[in-house]
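Novice: just need the structure, nothing else, for what follows:
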Amino acid sequence: MKSMKIKNVIIYLISLLILVAIVIFTLNVVQGKISDINTLIIFGVSFIFVMTTLGSAIVFFFKDKIEERLNKVFLGFASGVMIAASVWSLILPAIEQSKDLNIPEYLPAAVGFIFGGLFLLLLDKIIPHFHSEINQEEGVKSNFKRSTKLFLAVTLHNIPEGLSVGLGFGLGLVYNSPALISAGVGLALGIGLQNLPEGAAVALPLKEATGSNLKGFLYGTLSGLVEPIFAILGMILATKVVSIMPWALSFAAGAMIYVVVEELIPEAHLGEHSHYGTWAVMIGFVIMMILDVALG
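Specialist: Numbers count the residues shown, from 1 in each chain. Okay, here's the model as predicted:
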C-alpha cells in the first residue's frame, strides 16, 4: 500500500512538471517568442497527444468514475471546442480556398462536410466498438474484449481531430504563411485543451473495464496516438495535393461535427436540463473562437 502511494506521488509530480513545462512553452508560443515554423508544427502535433496522456494519468488519482456533473462539463467543453474549430479553422478556410477553383465557393465546403460525416458513419458500421455511457455495441460482430471495444470507440473520435490539426498546419506550409501556421497552432491548442479532460473521461471507464490503473492509462494514451499520426498524414496530403485542400478541410469538419452530434452531446446528456454541460459547450466554443481569431 505504501509503495502504491509513493508511485502515485511520483506520477503526480512528473505529470505536474510536464504540465508546467507545457504551460510555459505555450505562453511563449502565444506571445510570439517562438516563431520557427518547424518548432511550432512539432509543438502543435505533440501537444494534442501529450494532453491526452496527461488526462489519462488521472486514473492514478481517482478511485471511482468521474462525478456526473463533471463529466457533463468535460464532454460539453470538448463539444464546444470541436464545433468552433470546425467553423473557424476548417469550414471558413475551405470556403476561402475555393475562390480560385472556378466553381461555387460553397460547393467544396458542403460536399466535403457531408462526406466527412459519411466517412465516420462508415467507420462506425465497420469497426467493432462499445459505448459505455449507453451500454451499446456498434460495428461488425467480434470477439474483442469490452476494453478493446471501448478503446476503439475513443480512437475513432480522435481521427478527425488529428486530421484537422495536420490540415491546418499543411495549409500554412502550402502558402508559406506565418499567419496560417499561427492559426494551426491555435487549432492545436484548442484540440489539446479539450484532450486533457477527454483523456480523463476515456481512461476512467477503461480502468474500470480492465481492473487496472496502468492498463486504463495505457489504453487512454494509445487512443490519442492516432492524433499525431493523422496530423502528419494531413500535412502530407495538404502539401502534396494542394487542389483538394478545400474539400479536405471541410471533410475534417464534417467528421468532427459527426462525432459531436453522434457521440459527445448524447453522452453528456445535455437534453436533461444540464446547465453545466450547456455552459461548458458555450465556454469551449468561445475559447476556441478566441484562439483562432487571436492567433490567425
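Novice: can you show me the strands along the protein?
Specialist: 129-131, 136-138 (DSSP state E).
Novice: same question for the last one, mean pLDDT?
Specialist: Same thing as strand 136-138. Averaged over strand 136-138, pLDDT sits at 67.
Novice: check stretch 260-275 too.
Specialist: In this model, stretch 260-275 carries a mean pLDDT of 74.
Novice: now do the end-to-end distance for it.
Specialist: Length of stretch 260-275, first residue to last, C-alpha to C-alpha, to the nearest Å: 18 Å.
Novice: now stretch 79-88
Specialist: Start-to-end, stretch 79-88 (C-alpha to C-alpha) is 14 Å.
Novice: okay, buried residues for that stretch please.
Specialist: 79-88 (16 or more other C-beta atoms under 10 Å). Bear in mind the C-beta positions are built from the backbone N, C-alpha and C, glycine included.
Novice: and of the residues you listed, the nearest to residue 235?
Specialist: Proximity of those to residue 235 (C-beta to C-beta) peaks at residue 85, which lies at 16.7 Å.
Novice: what residues does the closest one make contact with?
Specialist: Counting by C-beta atoms under 8 Å, 6 or more residues apart in numbering, residue 85 touches 164, 187, 190-191, 256, 288, 292.
Novice: and with 6 Å instead?
Specialist: If a contact means C-beta atoms under 6 Å, 6 or more residues apart in numbering, then residue 85 has 187, 190, 288 as its contacts.
Novice: and of those residues, the nearest to residue 278?
Specialist: Nearest member of those to residue 278, counting by C-beta to C-beta, is residue 288, at 16.3 Å.
Novice: and the closest one, how many neighbours?
Specialist: Using other C-beta atoms under 10 Å, residue 288 has 28 neighbouring residues.
Novice: that one contacts residue 82, correct?
Specialist: No. The pair residue 288 / residue 82 is not scored as a contact, 8.0 Å apart, by C-beta atoms under 6 Å.
Novice: before we move on, the earlier item: farthest-separated two in the buried residues of stretch 79-88?
Specialist: Longest span within the buried residues of stretch 79-88, C-beta to C-beta: 79 and 88, 15.1 Å.
Novice: could I get the buried residues of stretch 79-88 as a markdown table with distance to residue 157?
Specialist: Putting those into a markdown table (distance: C-beta to C-beta, whole Å) gives the following:
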| residue | distance to residue 157 |
| --- | --- |
| 79 | 11 |
| 80 | 15 |
| 81 | 13 |
| 82 | 9 |
| 83 | 14 |
| 84 | 17 |
| 85 | 14 |
| 86 | 14 |
| 87 | 19 |
| 88 | 20 |
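Novice: can you lay out those as a markdown table showing distance to residue 59 and pLDDT?
Specialist: Below are those laid out as a markdown table (distance: C-beta to C-beta, whole Å; pLDDT from 0 to 100):
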| residue | distance to residue 59 | pLDDT |
| --- | --- | --- |
| 79 | 23 | 91 |
| 80 | 25 | 92 |
| 81 | 23 | 92 |
| 82 | 24 | 92 |
| 83 | 28 | 94 |
| 84 | 29 | 93 |
| 85 | 27 | 92 |
| 86 | 30 | 93 |
| 87 | 33 | 93 |
| 88 | 33 | 90 |
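Novice: if you look at those residues, which of them are in helices?
Specialist: Those of those mapping onto helices are 79-84, per DSSP state H.
Novice: out of those residues, flag the one nearest to residue 36.
Specialist: Looking across these and measuring by C-beta to C-beta, the closest to residue 36 is residue 81, at 26.2 Å.
Novice: wait, doesn't that closest one sit right on residue 282?
Specialist: No. At 11.1 Å, residue 81 does not count as touching residue 282 under the criterion of C-beta under 6 Å.
Novice: okay, and the helix or strand of the chain with the least pLDDT?
Specialist: Counting by mean pLDDT, DSSP states H and E, the chain has its least confident helix or strand at strand 129-131, which shows a mean of 62.
Novice: how much space separates the residue lying closest to residue 91 once chain neighbours are set aside from residue 77?
Specialist: Distances taken as C-beta to C-beta, 6 or more residues apart in numbering place residue 253 nearest to residue 91, at 5.0 Å, with adjacent residues excluded. The span separating residue 253 from residue 77 equals 19 Å under the rule C-beta to C-beta, to the nearest Å.
Novice: show me what contacts the residue nearest to residue 224 when sequence neighbours are not counted?
Specialist: Spatial nearest neighbour of residue 224, excluding adjacent residues (C-beta to C-beta, 6+ apart): residue 52 at 3.0 Å. The contact partners of residue 52, taken as C-beta under 6 Å, 6+ apart, are 195, 199, 224.
Novice: residue 49 is in contact with the last one, correct?
Specialist: Yes. Here residue 224 lies in contact with residue 49, judged by C-beta under 6 Å, at a distance of 5.2 Å.
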